[in-house]
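# Please find the sequence and the predicted model below.
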Amino acid sequence: MTQLAVTVVLLLHDDPPNIEKTLRSVEAQVRPGLSVSVLVVDDGTSPRARHLVSQWTTVDTIDVPAGTSIAQAKNLALHAVATDLVLLLDDHMWLLDASDLAAACREISNDESIAGICGYYRTPHRSDWNVLRDIKRHSIYGKGGSRREISRKEFTPFSTGIALVAKSRGWTPDFPEDVFPRGFGGEDIPALMTGIEAGLRFVYTPALAAHHLHELSFADLARKLEVEVRGRFSILYWMTSPAGIRVPYVHGFMNGPVILYISVALAAVGRSGQRRRRWAVVGALSAVEAGLSLQCLNADGRYDYAKRLQASLYVLLSDLLTPVVALQYAVSSWRRPYSRIGLLQFLSMWKHMMHWDLEKYSSLLGRLTRSGGRTHG
């Protein structure tokens, strides 16, 4: 049997409460033919977790400054790791007993076209408001119980919260550091799109699975919502930079309903008869946004109806806030993830949001046409 080696990278931040459970779950993944080592990147904000980590003789540690972003920490870790195979694992996650890291390592080693495999995760506690974001991933993003390819045509986010990557595939997942500061997510997307454009394959599989525990309160969820919305602009900024690549539309992720807001502005002016017709258009476009967000109701039965409905509202609010934040950035740099931007690049960001809208309506029209054809037949 070929001996494989994988390094599990953990980024310590803000004292994750279950780090010992995380390490034990990694240790439990050792199999004949698979050796597992751990590299911890510590930004100094986790003294309790660092003390626990220091008691594990099989764990190596890299110290970084407290202000180090996730993008910077991932880059440092990937360049420091000696093995070709690397499992990036969130420090709030632990691998499930049924998870099969060895199988994922064998698959990526045997198929040189695969650069990365990301896995399934969910919160184990119903009281954790993060469950709403789980529902969005499992229903809208298609990251539930079925394996799927990740490509430009069949696009879904590739989360390095739990992801196995092979550094030897000609794809170095360098995460942009200048526009992905700590507190704003999305740094996975440029790395993913660069790999896709290079012709590499990425896979999602529920066989690589973990629990993810943050115990978010409602107030914490509201902060996550803001991080999510503002993180889109890090991606948009990268997309409109010289090295950027256009990211496809994904509802609840790469979506900013610009056409809806334009229709609201148009409905507010003109004669009364025109305004009535225009407000009818606003109503129809609003129904589209609400209807697409209600895809969260299709999540599997472990989530009750109330939670699925709350997840739908979360998705709807997140998307509706995107153009609002864009307007805020036009007049103020408050909490803007980039320091400065020219007028042409700012207009290009709006153009990309418009393209997402056009993709959305084109896809919806195509589904309606196909459905009508089947009904007629």
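Arrived safely, thanks for sending.
# Just after the biggest strand by length in the chain, pick out the following helix or strand.
Looking across the chain with DSSP state E, the single longest strand is strand 201-212. Using DSSP states H and E, the helix or strand that follows strand 201-212 in sequence is helix 218-239.
# now for the strand or helix carrying Arg50, which elements pack on it?
Secondary structure from DSSP H and E places Arg50 in helix 47-54. When contacts are defined as 3 or more C-beta pairs under 8 Å, 6 or more residues apart in numbering; DSSP states H and E, helix 47-54 packs onto strand 4-12, helix 19-27, strand 34-42, strand 59-63. Using the backbone N, CA and C atoms, a C-beta is placed for each residue, glycine as well.
# what lines up beside the shortest one in the sheet?
In other words, strand 59-63. Each strand paired with strand 59-63, and its direction, by DSSP bridges: strand 34-42 (parallel).
# Just give me how far stretch 87-103 sits from the chain centre.
Relative to the centre of its chain, stretch 87-103 is centred 17 Å away, using C-alpha atoms, centre = their mean, to the nearest Å.
# Show me which residues of that stretch are buried.
87-96, 99-102 (16 or more other C-beta atoms under 10 Å).
# Before we move on, what's the pLDDT of Cys105?
Predicted confidence (pLDDT) at Cys105: the value is 97.
# what's around it, how many residues?
Neighbourhood size, Cys105 [other C-beta atoms under 10 Å]: 25.
# now swap in Tyr305 and tell me
Tyr305, neighbours per other C-beta under 10 Å, totals 9.
# Next: Ser109.
Ser109 has 16 neighbouring residues, counting by other C-beta under 10 Å.
# domain assignment for this protein?
Per automatic domain parsing, the structural domains of the chain span 4-216, 258-376.
# all strands for the stretch 51-200 of the chain, in order.
Assigned by DSSP state E, counting those that start in this stretch, the stretch 51-200 of the chain shows strands spanning 59-63, 85-89, 93-95, 114-122, 148-150, 162-166.
# now those in TSV, with distance to Leu213 and mean pLDDT?
Putting those into TSV (distance: least, C-beta to C-beta, whole Å; pLDDT from 0 to 100) gives the following:
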stretch	distance to Leu213	mean pLDDT
strand 59-63	20	94
strand 85-89	13	96
strand 93-95	8	97
strand 114-122	10	96
strand 148-150	25	96
strand 162-166	13	96
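# Which of those strands sits closest to Ser272?
Shortest distance between Ser272 and the strands of the stretch 51-200 of the chain, using C-beta to C-beta, is found for strand 148-150: 49.4 Å.
# in that closest one, what counts as buried?
Arg148, Ile150.
# now for the buried residues of stretch 87-103, which pair is the farthest apart?
Taking C-beta to C-beta, the two most distant members of the buried residues of stretch 87-103 are His92 and Ala102; they sit 23.3 Å apart.
# mind listing what's buried in the longest helix along the chain?
Assignment by DSSP state H gives helix 343-376 as the longest helix of the chain. Buried residues in helix 343-376, counting neighbours by 16+ other C-beta under 10 Å, are found at Phe346, Ser348, Met349, Trp350, His352, Met353, His355, Trp356, Asp357, Lys360.
# Just list what that helix packs against, helices and strands only.
With contacts taken as 3+ C-beta pairs under 8 Å, 6+ apart, helix 343-376 sits against helix 218-239, helix 258-267, helix 272-293, helix 305-331.
# repeat that for 6 Å
Contact here means 3 or more C-beta pairs under 6 Å, 6 or more residues apart in numbering; DSSP states H and E; on that basis helix 343-376 packs against helix 218-239, helix 258-267.
# tell me which helix or strand of the protein sits lowest on mean pLDDT?
Using mean pLDDT, DSSP states H and E, helix 343-376 stands out as the lowest-scoring helix or strand of the chain, at a mean of 85.
# where does it sit relative to the chain's centre, distance-wise?
For helix 343-376, the distance to the chain centre is 21 Å (C-alpha atoms, centre = their mean).
# next one: stretch 115-123
10 Å.
# what's in contact with it?
93, 104, 108, 130-131, 134, 158-159, 162-165, 169, 171, 195, 200, 202-206, 208-210, 212-213 (C-beta atoms under 6 Å, 6 or more residues apart in numbering).
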